[in-house]
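> this one's structure only:
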């Protein structure tokens, strides 16, 4: 059984859309998305430098656009479940048919703008805690009044909150690395961004998903379109439990393709759930191999269905 997974902010790199818009139809599609959200995704995805695309308001639409273009390049893709990390949940919702690509771009554009505004209200940050005993790490984070904003599994937890508290964070047996982000995402610091995003989400048409959508909130497989949207909105001020998402992926898939900009989630899966075969769709040159990977895991699902009957 096949899963598609979509990365979050931080996966962007300069020029990452260049190979995906080599075909005229892909370029025209990206131009249409750009016009719809009043953001030049073509320039940002081809010639903009690392500093410009690090901006939250630019990075998030770029990441979703990359994921949608990559999935389109696979054409006739079918999967059992989808999951996205943080902003990747919007990509996942579009891949599952819950929302249209245009609405996904509108949603992520507002998300990026409002989260950037919220981040500017009060200085805060995030730091990756690598290794260490899980309970020790979580206690150290809590004792300093910080939040475990991303529980990524595979020995990686991202703490978020006050900058001075982050500077003091030093759990026994763990390494701490400050992240170059604008604020404390997935914490109460982002609460001002919730209502504007909820207002937009309430106006968006939604459908029942054509496959299960694994939620960042608790790793549950959600099959109701409205609930998927509600969870995407609430997620920006609440922790991402990617560790639970990976556990659910192990129950529902034998293989996972990470859509562009790919690599981060595949790395986590390889360490945390090695029984899942993974494929990182990093460039247009990977499409043929990705299709073969997809067919192999779809065939495996078909064989399981035949055996069950």
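That came through fine. Because the structure is a prediction, the values reported are computed rather than measured.
> packing partners for the one helix or strand residue 4 maps to?
Residue 4 is part of strand 2-6 when elements are defined by DSSP states H and E. Identification of packing neighbours for strand 2-6 by 3 or more C-beta pairs under 8 Å, 6 or more residues apart in numbering; DSSP states H and E yields helix 56-73, strand 81-84, helix 88-95, helix 242-252, strand 255-258, helix 264-272, helix 287-308. C-beta here means a position set from N, CA and C on the backbone, and glycine is covered the same way.
> switch the cut-off to 7 Å
With contacts taken as 3 or more C-beta pairs under 7 Å, 6 or more residues apart in numbering; DSSP states H and E, strand 2-6 sits against strand 81-84, helix 88-95, strand 255-258, helix 287-308.
> what's the neighbour count on residue 225?
Using other C-beta atoms under 10 Å, residue 225 has 20 neighbouring residues.
> list the contacts of residue 231.
215, 217, 222 (C-beta atoms under 7 Å, 6 or more residues apart in numbering).
> so which of the residues you listed are in strands?
With strands taken from DSSP state E, the overlap with the contacts of residue 231 comprises residue 222.
> which residues of the stretch 101-250 of the chain fall in helices?
101-121, 134-143, 163-168, 191-201, 225-235, 242-252 (DSSP state H, counting those that start in this stretch).
> let's have those in TSV, adding distance to residue 184 and mean pLDDT.
Shown next, in TSV, are those (distance: least, C-beta to C-beta, whole Å; pLDDT from 0 to 100):
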stretch	distance to residue 184	mean pLDDT
helix 101-121	8	97
helix 134-143	12	97
helix 163-168	9	98
helix 191-201	11	98
helix 225-235	14	98
helix 242-252	17	97
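> want to throw the ones you listed into CSV with distance to residue 34?
Converted to CSV, the helices of the stretch 101-250 of the chain look like this (distance: least, C-beta to C-beta, whole Å):
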stretch, distance to residue 34
helix 101-121, 9
helix 134-143, 39
helix 163-168, 35
helix 191-201, 18
helix 225-235, 22
helix 242-252, 30
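> and these: which comes nearest residue 297?
helix 242-252 (11.6 Å; C-beta to C-beta).
> elements contacting the closest one?
Using 3+ C-beta pairs under 7 Å, 6+ apart, helix 242-252 sits against strand 81-84, strand 147-151, strand 212-214, helix 264-272.
> what's the angle between it and helix 88-95?
Interaxial angle, helix 242-252 versus helix 88-95 (axes from the mean of the first three to the mean of the last three C-alpha atoms, to 10 degrees): 30 degrees.
> okay, buried residues for helix 242-252 please.
The neighbour-count check on helix 242-252 (16 or more other C-beta atoms under 10 Å) flags 242-246, 248-250, 252 as buried.
> name the nearest of those residues relative to residue 124.
Nearest to residue 124 among those: residue 242, at 20.8 Å, using C-beta to C-beta.
> re earlier: what mean pLDDT does the helix or strand following the strand holding residue 4 get?
Next along the chain after strand 2-6, taking DSSP H and E as the criterion, comes helix 24-37. Taken as a whole, helix 24-37 has a mean pLDDT of 97.
> how far is the next helix or strand after helix 24-37 from where the chain is centred?
The C-terminal neighbour of helix 24-37 among helices and strands, as given by DSSP H and E, is helix 41-46. Offset of helix 41-46 from its chain centre (C-alpha atoms, centre = their mean, to the nearest Å): 20 Å.
> likewise for stretch 273-287?
That offset, for stretch 273-287, works out to 15 Å (C-alpha atoms, centre = their mean).
> ok, and what's touching it?
With contacts defined as C-beta under 7 Å, 6+ apart, stretch 273-287 is touched by 19-20, 22, 70, 73-74, 246, 249-250, 253-260, 262-263, 266, 269-270, 290, 293.
> before we move on, back to that, can you redo the buried residues of helix 242-252 as CSV with distance to residue 89?
CSV is the format used below for those (distance: C-beta to C-beta, whole Å):
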residue, distance to residue 89
242, 11
243, 15
244, 14
245, 10
246, 14
248, 14
249, 14
250, 19
252, 16
